[in-house]
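J.: got a predicted structure here, sequence first:
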Amino acid sequence: MGPFGMPPLLLACLRAVGLSCCLAWPCWAQSPVATALPAVPSLPEALTKLEPSLAHRSQSRYTYFGFDVYLVSLWTAPDFQPEAGENQRLALELNYLRPFAATDIAKRSLQEMRRVRAFSAAQEKQWLSDMEQVFPNVRKGDRLLGLHRQGESAVFWHNGEPRGEIRDPEFARLFFGIWLSPRTSAPALREALLAPP
């Protein structure tokens with residue numbers, strides 16, 4: 001098996017089209033697949049205490065070249081405004097359907113965050129270090145959930161257990177912008193997440 005736990009033949013095909021490093025975030029996600037989805041996942045108890053007004057908004061299954069990659073779920077507040085996207089309090093969870101290394105998730109996140117807005121080399125170094133400490137390696141079935149505490153931070157859980165908080169409002173805004181900013185590399189994903197519940 002090659003990087004990301006993928007079969008060598010599939011990995012070779014991905015390399016051939018320059019996509020082997022794009023496997024952790026939505027730049028490669030295609031339109032939602034119209035297949036049955038599992039029940040809406042529950043939020044960790046700690047999160048419901050921090051943001052009790054959040055309610056489930058959307059959930060979709062995404063595939064790449066016919067391979068299931070992850071389920072993504074979004075929870076928003078009653079006053080959520082889709083046009084403001086990542087600039088609000090919300091929670092977003094990825095339920096991974098394939099394994100990924102923490103370092104790869106962190107590096108790909110930075111690449112996607114840079115699409116939302118440019119940032120300094122110092123910020124990049126600090127944010128990479130922060131994410132490498134907070135993000136775990138993930139296996140099939142693992143859930144990584146992030147809470148955007150608007151104007152404050154991003155808080156993360158792995159399979160319902162707390163992983164840490166990155167106390168930088170600019171990081172938090174750009175991180176959730178990976179999915180919700182108009183500048184996302186996956187506009188179909190954004191459209192699905194922001195559709196009326």
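T.: That came through fine. Numbering: from 1, shown residues only.
J.: switch to C-alpha atoms for all contacts and neighbour counts from now on
T.: Fine.
J.: got any ranges where the chain has weak pLDDT?
T.: Low-confidence segments of the chain (pLDDT under 70): 1-41, 62-64.
J.: which SS class is the spatially most central residue of it?
T.: Centroid check for the chain by Cα atoms, centre = their mean gives Leu94 as the closest residue, at 5.7 Å. Recorded secondary structure, Leu94: strand (DSSP: H, G, I helix; E, B strand; the rest coil).
J.: hey, where'd the strands end up in this protein?
T.: Along the chain, the stretches classed as strands by DSSP state E are 55-64, 67-76, 90-96, 143-149, 153-158, 161-166.
J.: quick check: closest non-adjacent residue to Arg167.
T.: Computed as Cα to Cα, 6 or more residues apart in numbering, the closest residue to Arg167 that is not its neighbour in sequence is Ser153, at 4.3 Å.
J.: which parts of this structure are helices?
T.: Ranges of helices in the chain, per DSSP state H, are 8-16, 45-50, 102-116, 121-134, 169-180, 187-194.
J.: winner for burial among those helices?
T.: Between these, helix 169-180 has the highest mean count of neighbours, a mean of 24, where neighbours are mean count of other Cα atoms under 10 Å.
J.: now the angle from that one to helix 187-194?
T.: If you take axes from the mean of the first three to the mean of the last three Cα atoms, to 10 degrees, helix 169-180 sits at 100 degrees to helix 187-194.
J.: same for helix 169-180, what does it pack against?
T.: helix 102-116, strand 143-149, strand 153-158, helix 187-194 (3 or more Cα pairs under 8 Å, 6 or more residues apart in numbering; DSSP states H and E).
J.: from the contact counts, what lies against the last one?
T.: The elements that helix 187-194 packs onto, with contact taken as 3+ Cα pairs under 8 Å, 6+ apart, are strand 55-64, helix 169-180.
J.: would you format the helices of the chain as TSV with distance to Arg57 included?
T.: Formatted as TSV, the helices of the chain follow (distance: least, Cα to Cα, whole Å):
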stretch	distance to Arg57
helix 8-16	32
helix 45-50	15
helix 102-116	23
helix 121-134	25
helix 169-180	13
helix 187-194	8
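J.: so which of those helices is nearest Leu147?
T.: helix 45-50 (7.9 Å; Cα to Cα).
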